Structures are given as structure tokens and as C-alpha cells.
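Engineer: sharing a sequence plus its predicted fold:
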Amino acid sequence: MQDLRTRRFRRPSLSRRFLGRIWRRLASTSAGRARPRAVVLVYHEVGYSPHGLSPSNFASQMQFLAGHAKVLSLSELLADKRIDGQSPLLCALTFDDGYAGVHDNAAPIMKKQDFPATVYLTTDAIHEVQNMSSDLYAGLDPGQRMLSWRQVHHLVEGGFSIGSHLCQHLDLSRLSAEEGWRQLALSRTAIESHTGRPCTHLAYPWGRFSLRSIEWVRRAKYESAVTVMHRGLPTKFDPFRIPRLYVDRDCTLEDFQSIVNGDWDYLSVGQVLRRPFARSTIIRSHVSA
């Protein structure tokens, strides 16, 4: 399947930035009492491939967060740790698919800031020692090296949490009940057996889910499931429809600041308006995950 990120999100346009400035003004005039903004960011590959965010750009983004946000684990953020009244921006970091660049490039940068993160693994692509090619697995970005379980263990030791992205990168909303349950169960079993830690978080591949698949996730005892609905985390949220802000490899630092501060939250309006054109119960997004 063609990566929707390539078609729809690459190279932020001048019009997107212009609309972001308008959105900021509208939001500022309608804002009530100031409260901390909470966001979940989603990354994929950090590296030098055509699909990767460069390590230098990633480092600049982490430096910005270090000076302007309180970075929490996903579990802490979902538990609503907006408690100190000091941080105007609360943030959790997530990585989808399970590319080796998370271990090789992102983790050393995050370690300098002592930032936690959650990595969602496509478990069939993760082998014990060998870094498999993503080209062997449908739905993943081409030309990537996947994490190994040995590297996953290093990430866990460094404070990362590991979540499921199913066994294969499949659209959960289109699977049969039998296959959906199999994907949810076997991916979690693989993660728990290799890490020795509970696997309670899920990321929907491509951000796609249905009312039926949400019920599978809930009954499978996952505690959260993340989407790619582009907006901040509201005070009251459905733990199985958590919005995330996608950070593209072509975002400038100014773009990144606009994204985390909410200037581009207007993108979620377009996502909602597109829902009637999707298959009846499927919630689709404008970027892939």
C-alpha cells in the first residue's frame, strides 16, 4: 500500500502554515482560562533514509521540548499528570512500526534529556538479533532496518515502553474477528515474552479502526490505543481513540513548534469532515501510522 504520509503530509505548504496562523488567532480569541496543553507526538524512522527524520532535526526538536515542555511517559500523560501548574505544555513521545533508527539515533538523543517514550512494534518484523529489512513486510516504509529483540531489550532498559502495532501492519478495521483477535493476542504475547513487561498500549496501523475493533482492543485488556487524529489530548478522552500529532521528516523547527503549540490542530477538522466519505464505521485519518 502506498504510504499516505508521502502523498499527503510531506513538504508542509505555505497554505498550511498560513492556515495555522489563522487558527492560532481564532483559538487565542476564544480561549478561556489557561490550562496546560497535552499532546502525544508520533514519529516513525529517525535516520538518513528517504523516509527518515534527520537526527539533527530530531535533536533540535528534543531541545525545544526540553526548554518548553514537560515530557512524560504515555502512561503518565494518560493518567493526567497535569499537576504542577508550571508547564504550559505536556508531551508524550511515541514511535510506530519499530525501525532500528529509534535505537541507533533517537534513543541516544533522548537519553541526554532523560525523555521516556513508547515504541509500537510490528512484531513479525522483529527478530532476535538480525535487523530485518522492512521490504519483507507489507505496509512498512521501504528500505528500512527493523529493530531486533536485543535492541528492544536495550530500549526497555533505557526507560522505553513497548506497545503493539499488531503482528503485521494491517488495517485492523478490515480484519475478521478471528484474525483481529489473533493479531492482538500474538503481538502482545511476543512483546511480553521478550521484554518481561506487560504490553498494555496499542497503535492502530494507519490509525484506522472501527467500532467493532475498538471492542476487540478493550476486551483484549489493552489499556489504550492511539490514532493519528491531529489534535491535542483533551481533558476528557476515550482511551481507545487517543489523538496524536504527526511529525514529518520535512517539518522545520518552526513547523514543529507550531504543531506542538496547536496551530495545526485545524487539520483535525478536515479529518472529521472526511468521515462521512469513509466506510460506515471506520474512522480514517489523513496521515498513516
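Structural biologist: Right, received. Where do you want to start? Numbering: from 1, shown residues only.
Engineer: buried ones in stretch 116-134?
Structural biologist: 116-126, 131-132, 134 (16 or more other C-beta atoms under 10 Å). For every residue, glycine as well, the C-beta is placed using N, CA and C.
Engineer: now the residues you listed as JSON lines including pLDDT, distance to K70 and secondary structure?
Structural biologist: Formatted as JSON lines, these follow (pLDDT from 0 to 100; distance: C-beta to C-beta, whole Å; DSSP: H, G, I helix; E, B strand; the rest coil):
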{"residue": "P116", "pLDDT": "97", "distance to K70": "11", "secondary structure": "coil"}
{"residue": "A117", "pLDDT": "98", "distance to K70": "14", "secondary structure": "coil"}
{"residue": "T118", "pLDDT": "98", "distance to K70": "16", "secondary structure": "strand"}
{"residue": "V119", "pLDDT": "98", "distance to K70": "21", "secondary structure": "strand"}
{"residue": "Y120", "pLDDT": "98", "distance to K70": "22", "secondary structure": "strand"}
{"residue": "L121", "pLDDT": "98", "distance to K70": "26", "secondary structure": "strand"}
{"residue": "T122", "pLDDT": "98", "distance to K70": "30", "secondary structure": "coil"}
{"residue": "T123", "pLDDT": "98", "distance to K70": "31", "secondary structure": "helix"}
{"residue": "D124", "pLDDT": "98", "distance to K70": "35", "secondary structure": "helix"}
{"residue": "A125", "pLDDT": "98", "distance to K70": "33", "secondary structure": "helix"}
{"residue": "I126", "pLDDT": "98", "distance to K70": "31", "secondary structure": "coil"}
{"residue": "N131", "pLDDT": "98", "distance to K70": "33", "secondary structure": "coil"}
{"residue": "M132", "pLDDT": "98", "distance to K70": "36", "secondary structure": "coil"}
{"residue": "S134", "pLDDT": "98", "distance to K70": "33", "secondary structure": "helix"}
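Engineer: now, which of the residues you listed sits nearest D263?
Structural biologist: Proximity of the buried residues of stretch 116-134 to D263 (C-beta to C-beta) peaks at A117, which lies at 23.6 Å.
Engineer: phi and psi next, for that closest one.
Structural biologist: Dihedral angles of A117 (phi, psi; degrees, to the nearest 10) stand at phi -160, psi 170.
Engineer: quick one: it from Y43, how far?
Structural biologist: A117 sits 9 Å away from Y43, going by C-beta to C-beta, to the nearest Å.
Engineer: okay, and the common contacts of these two?
Structural biologist: 93-95, 106 (C-beta atoms under 8 Å, 6 or more residues apart in numbering).
Engineer: would you map the helices across the stretch 101-250 of the chain?
Structural biologist: 101, 107-113, 149-157, 177-195, 211-219 (DSSP state H, counting those that start in this stretch).
Engineer: contact partners for A92?
Structural biologist: Counted by C-beta under 8 Å, 6+ apart, A92 has contacts 39-41, 71-74, 76-78, 116-118.
Engineer: which of those lies closest to K221?
Structural biologist: Nearest to K221, judged by C-beta to C-beta, of the contacts of A92 is L78 at 15.6 Å.
Engineer: dump the residue contacts of the closest one.
Structural biologist: Contacts of L78 (C-beta under 8 Å, 6+ apart): 92, 223-224, 239, 242.
Engineer: for the closest residue to H153 other than its chain neighbours, grab the count of nearby residues.
Structural biologist: Here the nearest residue to H153 in space, its sequence neighbours aside, is T195; by C-beta to C-beta, 6 or more residues apart in numbering that works out to 6.8 Å. With neighbours defined by other C-beta atoms under 10 Å, the count for T195 comes to 19.
Engineer: got a pLDDT number for T195?
Structural biologist: Listed pLDDT for T195 reads 97.
Engineer: which residues does it contact?
Structural biologist: 152-153, 156, 162.
Engineer: now, of those residues, which are buried?
Structural biologist: Using 16+ other C-beta under 10 Å as the burial test, the contacts of T195 include 152, 156, 162 as buried.
Engineer: centroid residue for this protein?
Structural biologist: Using C-alpha atoms, centre = their mean, the residue of the chain that lies closest to the mean C-alpha position is V42, 2.9 Å off.
Engineer: what residues does that one make contact with?
Structural biologist: By C-beta under 8 Å, 6+ apart, the contact set of V42 is 94-96, 203, 226, 228, 244-247, 289.
Engineer: follow-up on the earlier one: may I see the helices of the stretch 101-250 of the chain arranged in TSV, with distance to V260 as well?
Structural biologist: Below are the helices of the stretch 101-250 of the chain laid out as TSV (distance: least, C-beta to C-beta, whole Å):
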stretch	distance to V260
helix 101	21
helix 107-113	15
helix 149-157	23
helix 177-195	28
helix 211-219	27
